[in-house]
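# this one's structure only:
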């Protein structure tokens with residue numbers, strides 16, 4: 001094995017896999033933090049407009065039942081613009097009304 005500049009040993013495949021794994025775990029923790037922090041209000045707003053179920057919401061805005069169910073239960077991770085517009089029209093709200101930020105912000109320590 002040739003010595004690396006400044007005496008730094010070359011990275012092994014194992015160490016690269018470990019770095020990739022740590023990065024993936026960090027992304028997962030970050031995703032989970034935001035999933036818990038940003039919550040959908042679709043069910044609350046729909047019921048206030050007389051839409052009692054995800055099925056009726058899907059029929060009203062012509063949305064796939066699974067997608068409507070994910071929005072209704074707060075498990076949707078993303079939404080496309082067309083669906084967002086249909087949802088806002090049906091619920092007579094603005095996009096920002098569909099989400100609520102809960103909990104305390106995370107304060108990261110800086111080194």
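Received, thanks. The model shown is predicted, which means the values in this text are computed figures rather than measured ones.
# Longest helix in the chain, please.
Taking DSSP state H as the criterion, the chain has its longest helix at helix 13-37.
# So which residues make contact with that helix?
For helix 13-37, contacts defined as CB atoms under 8 Å, 6 or more residues apart in numbering pick out 77, 101, 102, 103, 106. (Each C-beta comes from the backbone N, C-alpha and C, glycine too.)
# could you give me the average pLDDT of it?
For helix 13-37, the per-residue pLDDT values average out at 78.
# strands paired with the helix or strand just after that helix, and their directions?
Past helix 13-37, heading to the C-terminal end, the next element that is a helix or strand (DSSP states H and E) is strand 38-40. Strands adjacent to strand 38-40 in the sheet, as given by DSSP bridges, are strand 99-101 (antiparallel).
# Mind listing what's buried along the partner strand?
Using 16 or more other CB atoms under 10 Å as the test for burial, strand 99-101 gives no buried residues.
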